[in-house]
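> Predicted model and sequence follow; I will ask about them next.
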Amino acid sequence: MNTALAPRPTGPAHPARRTARARLAARRRLRVLAVGAALTAALTAATIYAIGTGEFDIAPADVIATLLADGSKAHEFIIETLRLPRVFTALLVGAALGMAGAVFQSLTRNPLGSPDIVGFTTGAGTGALIQILVIGGGMAAVATGALLGGLLTSLAVYLLAYRGGVQGYRLVLVGIGVNGGLVATNAYLVARAEFAESQVAVTWLAGNLNGRTWEHVNLLALTLAALIPLTLALGRRLTLLELGDHVATGLGIRVERARLTLILTGVALAAMATVAAGPVPFVALAAPQLARRLTRAPGPGLVPAALMGALLLLLGDLLAQRLLAPTLLPVGVMTGTLGGLYLAWLLVHEWRTTRR
C-alpha cells in the first residue's frame, strides 16, 4: 500500500505533539516570568539610585532605611519631599505609557500603532493646553481637559478609519494625519498665548518631570488604580483580537465593541500620563516592542510592557538630570532622542530582514 496516499488520522493530536506544545508553553511562561523578575529587579535598583542621586548624594543603604522609616530627618526631607514625587511620577507615567502602547500596537497589529504616533497623546495635549491657556483651572481641570481631548481624538480617528470595521493600517494612517493637524493646533495655541504662559506651555509640551509634587502622584495613582486592572481584565479580548476579526468573532467576541472599549481604555491611560508629565514621546512606542523581544511570547504582554515603560522613563529622566548637570533637560528631549535612535535601528533591522 502506498503510505503517501493513506488517510491521515483525524482523531485527537498525538500525545507526543501535545507534550511538545505543553513544554513550549511552559518555557514561554517561565521566560515571561524571568523577564518580569529581571525588569522588576532593574526597576528597583534604578529607583533606589534615582532617589539617592542629586546635589546631595545619599547612599543606597540610607535610602532604603529612610523608605523603611528609619532614616535621619535630613534624609527624610530630601527623599520624601523633593525626590520621591518625581521618581513615582516617572514610574507611573512610564507604566501607563508602556501599557497604552501595548494596547494600541496589539489592536492595530502594527509596531507604529502607538498613541503618540497616531495622535491620541497629542490630542490629550491639545485638551490640556486649551484648559491651561484658554479656560484656566487647576490640576483636576487640566486632567479633565486632557482626558476629553484624548477621547475626542480617538473617536475622530476611529470614525474616520471605520469602513465596515477598522483595519489596523487604516487606523495608523488616519491617526498620523490627525496627529499632524493637532500638532499645528498646539503650535497655534502656544503662539497666541501670553509670553509667560507660552513658556510654561512649551516646557510642558516637551515632556517634563521637573517640579512634580505629591499632587501629581496622587492623581496618577488614583486613576491608574482603576485603569490598569481594567486593562488587564480586557487582556484576553486583546489577545483574541490579535488573531483576526473573523477568528475573534467565531470565539464569541463582539469585535467592534471590544476594540472601541480597548481604544478608550488605552486613551485614558495615555491621557493621564500626559496630564502628569506632558506628551512624553517614544516610550509608548518602544516599551512594548522591547518587552516583546525579551519575552518572545505571543499576545500583548501588558505587564512586561508596563515594567519596561517605567524603566525607560526613569532611566531617561536620570540622563536628563545628569547629562548636562546642573542644567535640567526636559525628559521628553531625552526620550525623543533615544526613541529616534531606536526607531532608526528598527527601520534598518526591518530593511535587512526583508532583503534576506
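Looks like it arrived, so ask away.
> Just give me the longest helix of the chain.
Once the chain is assigned using DSSP state H, the helix that runs over the most residues is helix 15-52.
> Can you name the next helix or strand after that helix?
Sequence order places helix 60-67 as the next helix or strand after helix 15-52, per DSSP states H and E.
> Can you name the next helix or strand after that following helix?
Next along from helix 60-67, by DSSP H and E: helix 73-76.
> Just give me the neighbour total for the nearest residue to Gln167 once chain neighbours are set aside.
Spatially, and ignoring its direct neighbours in sequence, Gln167 is nearest to Ala161 (7.4 Å; CB to CB, 6 or more residues apart in numbering). Every C-beta, even on glycine, is put in place using the N, C-alpha and C of the backbone. Number of residues near Ala161 (other CB atoms under 10 Å) recorded here: 21.
> So Ala161 sits against Val174, correct?
Yes - taking contacts as CB atoms under 8 Å, Ala161 lies within contact range of Val174: 4.4 Å.
> if we can go back for a sec, for the longest helix of the chain, buried residues please.
Residues of helix 15-52 classed as buried by neighbour count (16 or more other CB atoms under 10 Å): 32, 35-36, 39, 43, 46-48, 50-52.
> Please tell me how far Leu67 sits from Ile51.
Going from Leu67 to Ile51 by CB to CB, to the nearest Å gives 8 Å.
> Need the residues touching each of those two.
Common contacts of Leu67 and Ile51 (CB atoms under 8 Å, 6 or more residues apart in numbering): Ile79.
> quick revisit: by how many degrees do the longest helix of the chain and helix 60-67 diverge?
Interaxial angle of helix 15-52 relative to helix 60-67 (axes from the mean of the first three to the mean of the last three CA atoms, to 10 degrees): 90 degrees.
> Averaged pLDDT, helix 15-52. What do you get?
Regarding helix 15-52, the rounded mean pLDDT is 84.
> And that helix, what does it pack against?
Packing partners of helix 15-52 (3 or more CB pairs under 8 Å, 6 or more residues apart in numbering; DSSP states H and E): helix 60-67, helix 84-108, helix 283-295, helix 302-322.
> Assess the claim that His216 and Pro85 are in contact.
Yes - applying CB under 8 Å, one finds His216 in contact with Pro85, separated by 6.7 Å.
> who has more neighbours, the two?
His216 (22 against 19).
> who's in contact with that one?
Here His216 is in contact with 85, 89, 139, 276 (CB under 8 Å, 6+ apart).
> Between helix 84-108 and the helix or strand hosting it, find me the angle.
In the assignment (DSSP H and E), His216 maps to helix 214-233. With the same axes, to 10 degrees as the basis, helix 214-233 and helix 84-108 are set at 30 degrees to each other.
> CA atoms of helix 214-233 as CSV?
What follows is helix 214-233 as a C-alpha-only set of coordinates in CSV (Å, rounded to 0.1, in the frame of the first residue of the first chain):
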residue,chain,number,x,y,z
TRP,A,214,2.6,64.6,45.5
GLU,A,215,-0.5,66.1,43.9
HIS,A,216,0.6,64.6,40.5
VAL,A,217,1.4,61.3,42.2
ASN,A,218,-1.9,61.1,44.0
LEU,A,219,-3.9,61.9,40.8
LEU,A,220,-2.0,59.3,38.8
ALA,A,221,-2.2,56.7,41.5
LEU,A,222,-6.0,57.0,41.9
THR,A,223,-6.7,56.9,38.2
LEU,A,224,-4.3,54.1,37.3
ALA,A,225,-5.6,52.0,40.2
ALA,A,226,-8.8,51.8,38.2
LEU,A,227,-7.4,51.8,34.7
ILE,A,228,-4.6,49.2,35.0
PRO,A,229,-6.8,46.4,36.4
LEU,A,230,-9.5,47.2,33.8
THR,A,231,-6.9,47.0,31.0
LEU,A,232,-5.5,43.7,32.4
ALA,A,233,-9.1,42.3,32.6
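> Could you pull up the mean pLDDT of that helix?
Averaged across helix 214-233, the pLDDT comes to 91.
> tell me the angle of it relative to helix 302-322?
150 degrees.
> mind listing what's buried in helix 214-233?
By neighbour count on 16+ other CB under 10 Å, the buried set for helix 214-233 is 216-217, 219-220, 223-224, 227-228, 231.
> of these, closest to Asp57?
Val217 (23.1 Å; CB to CB).
> distance of that closest one from Ala276?
Val217 is 8 Å from Ala276, by CB to CB.
> any residues in contact with both of these two?
Counting by CB under 8 Å, 6+ apart, the residues touching both Val217 and Ala276 are 89, 92.
> hmm, back to that, what's the distance between the longest helix of the chain and the middle of its chain?
What separates the centre of helix 15-52 from the centre of its chain is 19 Å, taken as CA atoms, centre = their mean, to the nearest Å.
> go on, stretch 181-196?
Worked out by CA atoms, centre = their mean, stretch 181-196 lies 25 Å from the chain centre.
> Equivalent analysis for stretch 340-352, please.
Put simply, stretch 340-352 sits 20 Å off its chain's centre (CA atoms, centre = their mean).
> So for that stretch, what gets flagged as buried?
Taking 16+ other CB under 10 Å as the criterion, stretch 340-352 shows 342-343 as buried.
> Could you export it as PDB, keeping only the C-alpha atoms?
Extracted in PDB, the C-alpha atoms of stretch 340-352 (Å, rounded to 0.1, in the frame of the first residue of the first chain):
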ATOM      1  CA  GLY A 340      14.700  58.300  17.400                       C
ATOM      2  CA  LEU A 341      17.800  56.200  17.600                       C
ATOM      3  CA  TYR A 342      15.700  53.100  18.400                       C
ATOM      4  CA  LEU A 343      13.300  53.800  15.500                       C
ATOM      5  CA  ALA A 344      16.300  54.200  13.100                       C
ATOM      6  CA  TRP A 345      17.700  50.900  14.300                       C
ATOM      7  CA  LEU A 346      14.300  49.300  13.900                       C
ATOM      8  CA  LEU A 347      13.900  50.500  10.300                       C
ATOM      9  CA  VAL A 348      17.400  49.300   9.400                       C
ATOM     10  CA  HIS A 349      16.700  45.900  11.100                       C
ATOM     11  CA  GLU A 350      13.400  45.500   9.200                       C
ATOM     12  CA  TRP A 351      15.000  46.500   5.900                       C
ATOM     13  CA  ARG A 352      17.800  43.900   6.300                       C
END
